[in-house]
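> Here's my sequence, what's the structure:
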Amino acid sequence: MTSARTTGVAAAALLGAALLAGTAVAPSMADAGRHENHDAQDHRSGQHERQDGTGTKHVLVLSVDGLHQKDLDWYVAAHPQSALAALVNHGTSYTHAQTPVPSDSFPGMVGQFTGGNPGTTGIYYDDTFNRALLPAGTTDCKNTAPGTEVALTEAADKNPNALDAGQGLTGLPSSIMTMTGQPGSLLNPAALPVDPATCKPVYPHQYLKVNTVFEVAKSAGLTTAWSDKHPAYEILNGPSGKGVDDLFTPEINSQAPAPFTGDWSQDNAATRQYDGYKVQAVLNEIGGKDHSGTRAAAVPAIFGMNFQSVSTAQKLPTSDGLPGGYLPGGAVPGPLLGNALDYVDASVGKMESALSATGHAKDTTIILSAKHGQSPMEPAALTRVPDSTIIDGLNAAWKAAHPGSADLVAFSTDDDIMQLWLSDHSQPAAKFAKDYLASHTAAGNDINSAPRTLATSGLSKIYAGSDVARYFGTKTTDARYPDILGIAQTGVVYTSGTAKIAEHGGASADDRNVPLVISGTHDDHARTVTDTVETTQIAPTILKTLGLDPNKLQAVQIEGTQALPQR
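Numbers count the residues shown, from 1 in each chain. Predicted coordinates:
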């Protein structure tokens with residue numbers, strides 16, 4: 001991901017007083033709005049709620065980030081005796097499931113556990129800009145101009161280079177299982193945005209506008225757990241800050257130990273080792289322990305983890321002496337990705353065996369999906385485009401047309417989507433940016449590093465100003481949505497250099513078409529549902545499966561999100 005921020009943004013240009021209604025600490029539910037993505041099929045119409053999971057006491061959620069429905073189909077066909085095949089053969093496959101847009105990790109995971117899209121949850125990406133909050137570290141809240149980056153990434157850690165995010169454990173990485181299950185304590189308050197009303201840091205759980213399934217389960221007296229890749233995933237605690245009893249979040253972007261170089265995502269073997277810690281956490285929880293395996297705990301009603309191994313195997317050009325991504329044609333995983341899929345399958349098999357050994361196979365429903373896919377699958381479609389050149393050109397054009405002005409782009413988040421927050425939050429300024437992007441070419445390089453030039457800045461569609469708010473189903477007073485939303489052309493990845501061959505975040509089929517499989521206590525045969533559904537429907541389905549009321553979720557009330565169709 002590439003982000004850029006320009007300093008010297010004037011307060012008047014960034015924010016009117018009315019925008020304060022969209023702040024994180026006291027969000028207006030009326031401003032959350034219904035998601036209205038007119039480029040996608042309506043995933044809520046014509047759905048039938050499925051039967052609840054009678055006998056289910058536990059729901060195990062597994063997110064295999066980067067996994068496509070096509071990948072799962074291929075793997076099951078090639079490995080009919082695999083653990084993944086067993087899930088499919090004893091469950092319901094929703095073969096036309098889509099993630100929210102943007103297809104980033106944060107809106108994807110938050111959507112699965114709230115039932116809401118970004119316009120409702122307020123979570124547009126893991127690294128965004130908020131026109132109402134104050135910069136991290138602000139102490140003079142009366143005289144500081146609003147508008148700041150909100151980085152719900154490793155940048156929020158006390159020590160982003162440490163696997164324990166700064167807890168200070170000795171003997172890392174082998175001691176990582178003793179990492180705290182309350183990762184909010186590992187966030188650096190000085191790295192968090194500041195609420196102008198209280199002059200206090202805004203923690204991720206405070207930034208979320210709606211409640212989570214974990215909070216609903218807790219209110220019913222149930223136990224909860226989850227494992228993910230940054231301490232900032234304490235956002236899943238929900239606004240109460242107390243939704244997840246045991247939240248295990250080793251930092252994936254910390255420095256991996258020798259023989260690896262770089263962070264845990266820069267070598268696929270390192271990523272598999274990293275994922276192994278979270279797998280062990282789940283196994284410990286199935287066995288009636290906390291994530292560390294050292295303290296007795298009830299088996300959680302809602303628990304699980306996300307895998308990163310498939311995602312890094314799709315992104316890395318090479319790792320461990322093997323090429324990453326897919327073979328030419330984009331249908332068959334290459335050797336590195338094949339190994340990553342084997343790793344995930346073996347891990348799922350361990351969990352299934354643990355459930356059987358503890359007697360919980362008969363009272364546990366497994367939900368397999370993904371926060372996001374990855375694009376492009378077809379290697380020949382790849383065009384890597386340095387977005388900094390595009391932004392520099394836009395800023396120069398703005399200054400030429402408006403002498404004495406600051407840079408137009410205050411902040412950007414660009415992967416295989418382009419989101420720009422502008423220093424001038426007006427419709428004319430947004431139109432200026434849109435017109436510039438639509439009228440300029442972008443220079444990039446293909447899978448072989450050969451030069452390639454694309455029209456319209458590598459974008460297929462550009463939304464500006466109020467059209468962005470309308471796209472996300474939010475109000476123009478929302479302090480969070482970007483001024484420009486650019487939908488990338490197929491295969492475009494905004495990145496400098498040649499370090500990656502795929503990304504996520506966009507709106508293409510490769511980004512959004514993920515698997516969704518539910519294998520429950522009464523699922524003896526394979527079933528297939530071909531209706532178009534969205535991964536936000538996982539949230540009400542979890543609650544319904546546990547015999548809880550999906551309408552306890554605020555996003556379900558706002559969007560009318562339905563449980564998944566009958567299976």
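> for the stretch 101-250 of the chain, what spans make up the helices?
All helices of the stretch 101-250 of the chain, identified by DSSP state H, counting those that start in this stretch, fall at 105-114, 118-121, 204-207, 213-219.
> And these: which comes nearest residue 193?
helix 204-207 (8.1 Å; CB to CB). Backbone N, C-alpha and C define where each C-beta goes, glycine included.
> Would you map the helices across the stretch 451-567 of the chain?
Under the criterion DSSP H, counting those that start in this stretch, the stretch 451-567 of the chain contains helices at 466-472, 509-512, 538-545, 554-559.
> what mean pLDDT would you report for the second one?
Think helix 509-512. For helix 509-512, the mean pLDDT works out to 97.
> what sits up against that helix?
With contact meaning CB atoms under 8 Å, 6 or more residues apart in numbering, helix 509-512 is reached by 40, 68, 98-99, 101, 103, 372-377, 416, 490, 504-505.
> Most neighbours among these, which one is it?
Top of the contacts of helix 509-512 by neighbour number is residue 374, holding 33 neighbours under the definition other CB atoms under 10 Å.
> Does it touch residue 66 like I think?
Yes. Counting by CB atoms under 8 Å, residue 66 is a contact partner of residue 374 at 4.4 Å.
> picking that back up, out of the helices of the stretch 101-250 of the chain, the one nearest residue 479 is which?
helix 204-207 (11.4 Å).
> Could you list every helix and strand in contact with that closest one?
Packing contacts for helix 204-207, counted by 3 or more CB pairs under 8 Å, 6 or more residues apart in numbering; DSSP states H and E, involve no helix or strand.
> and the spatially most central residue of the chain, what does it touch?
The residue lying closest to the centre of the chain (CA atoms, centre = their mean) is residue 105, at 1.2 Å. Shown in contact with residue 105 (CB under 8 Å, 6+ apart): 65, 126, 229, 306, 371, 372, 504.
> sorry, back to before: make a markdown table out of the helices of the stretch 101-250 of the chain and add mean pLDDT and distance to residue 402.
A markdown table is the format used below for the helices of the stretch 101-250 of the chain (pLDDT from 0 to 100; distance: least, CB to CB, whole Å):
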| stretch | mean pLDDT | distance to residue 402 |
| --- | --- | --- |
| helix 105-114 | 98 | 33 |
| helix 118-121 | 98 | 30 |
| helix 204-207 | 98 | 32 |
| helix 213-219 | 98 | 46 |
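> how about the ones you listed, which one is nearest residue 278?
Once the helices of the stretch 101-250 of the chain are compared by CB to CB, helix 105-114 is nearest, at 13.5 Å.
> Restricting to C-alpha, output that closest one in PDB.
Written as PDB, here are the backbone C-alpha positions of helix 105-114 (Å, rounded to 0.1, in the frame of the first residue of the first chain):
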ATOM      1  CA  SER A 105      -8.600  -6.300   5.300                       C
ATOM      2  CA  PHE A 106     -10.200  -3.900   7.700                       C
ATOM      3  CA  PRO A 107     -13.500  -3.300   6.000                       C
ATOM      4  CA  GLY A 108     -13.500  -7.000   5.000                       C
ATOM      5  CA  MET A 109     -13.100  -8.300   8.600                       C
ATOM      6  CA  VAL A 110     -15.200  -5.600  10.200                       C
ATOM      7  CA  GLY A 111     -17.900  -6.400   7.700                       C
ATOM      8  CA  GLN A 112     -17.900 -10.100   8.600                       C
ATOM      9  CA  PHE A 113     -18.300  -9.300  12.300                       C
ATOM     10  CA  THR A 114     -20.700  -6.300  12.100                       C
END
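> Low-confidence stretches in the stretch 451-567 of the chain?
Scanning the stretch 451-567 of the chain with the threshold set as pLDDT under 70 gives 567.
> now do 80
522, 566-567 (pLDDT under 80).
> about what we covered before: anything in contact with each of residue 374 and residue 66?
With CB under 8 Å, 6+ apart, residue 374 and residue 66 have common neighbours 311, 314, 315, 504.
> Out of these, which is nearest to residue 56?
Using CB to CB, those come closest to residue 56 at residue 311, 28.9 Å.
> thought that closest one was touching residue 63?
No. The pair residue 311 / residue 63 is not scored as a contact, 10.2 Å apart, by CB under 8 Å.
> More neighbours: which of those two?
More crowded of residue 311 and residue 63, by other CB under 10 Å: residue 311, with 29 against 25.
> Going by secondary structure, that one is in what exactly?
According to DSSP states H and E, residue 311 maps onto helix 309-315.
> which helices and strands does that helix pack with?
Partner elements for helix 309-315 (3+ CB pairs under 8 Å, 6+ apart): helix 268-286, helix 335-357.
> For residue 171, which residues are in contact?
Counting by CB under 8 Å, 6+ apart, residue 171 touches no other residue.
> I'd like the distance between it and residue 163.
11 Å (CB to CB, to the nearest Å).
> Quick check: most distant residue from the centroid of the chain.
Residue farthest from the centre of the chain, counting by CA atoms, centre = their mean, is residue 403 at 39.1 Å.
> May I ask you to confirm that it belongs to a strand?
No. Counting by DSSP: H, G, I helix; E, B strand; the rest coil, residue 403 is not part of a strand but coil.
> neighbours around residue 434, how many?
Neighbours of residue 434 under the rule other CB under 10 Å: 22.
> So it, which state does it fall into?
What three-state DSSP gives for residue 434 is helix.
> In space, what's closest to it - neighbours in sequence excluded?
Closest residue to residue 434 apart from its sequence neighbours, by CB to CB, 6 or more residues apart in numbering: residue 464 at 3.9 Å.
> if I look at that neighbour, how far off is residue 455?
Note on residue 464: its distance to residue 455, by CB to CB, is 18 Å.
> which of the two has more neighbours?
residue 464 (24 against 13).
> looking at it, that one is touching residue 429, isn't it?
No. Checked against CB under 8 Å, the pair residue 464 and residue 429 is beyond contact range at 9.0 Å.
> what residues do those two have in common as contacts?
Common neighbours of residue 464 and residue 429, using CB under 8 Å, 6+ apart, are residue 483.
> burial of the residue lying closest to residue 151 once chain neighbours are set aside, as a residue count?
When the adjacent residues along the chain are set aside, residue 151 lies closest to residue 127, with 5.0 Å between them (CB to CB, 6+ apart). Residues near residue 127, counting by other CB under 10 Å, number 20.
> Check the one 3 residues further on too.
Using other CB under 10 Å, residue 130 is surrounded by 27 other residues.
> my read: it touches residue 479, true?
Yes. Counting by CB under 8 Å, residue 130 does reach residue 479; the two are 5.4 Å apart.
> show me what contacts residue 277?
173, 176, 177, 248, 250 are the contacts of residue 277 under CB under 8 Å, 6+ apart.
> and those residues, which two are the farthest apart?
Within those, 173 and 248 form the most distant pair, 13.6 Å apart (CB to CB).
> between these two, who's got more neighbours?
residue 248 (27 against 19).
> Report pLDDT for the more buried one.
Reported pLDDT for residue 248: 99.
> Now for it: which residues touch it?
Contacts for residue 248 (CB under 8 Å, 6+ apart) come out as 179, 181, 183, 225, 226, 227, 228, 277, 278, 281, 291.
> Might you report the residue contacts of the nearest residue in space to the first one that is not next to it in sequence?
The spatial neighbour of residue 179 that comes closest, neighbours along the chain excluded (CB to CB, 6+ apart), is residue 164 at 5.0 Å. With CB under 8 Å, 6+ apart as the criterion, the residues that contact residue 164 are 172, 176, 179, 186, 250, 251.
> need the contact list for the first one.
Think residue 172. Contacts of residue 172 by CB under 8 Å, 6+ apart are 162, 163, 164, 257.
> low-scoring pLDDT stretches of the stretch 301-450 of the chain, where are they?
Using pLDDT under 80, the stretch 301-450 of the chain has no residue that qualifies.
> What segments of it are strands?
Taking DSSP state E, counting those that start in this stretch as the test, the strands found in the stretch 301-450 of the chain are 302-307, 318-319, 322-323, 364-369, 383-385, 409-414, 417-422, 442-445.
> Tell me which of these lies nearest to residue 333.
Going by CB to CB, the one of the strands of the stretch 301-450 of the chain nearest residue 333 is strand 322-323, 10.6 Å.
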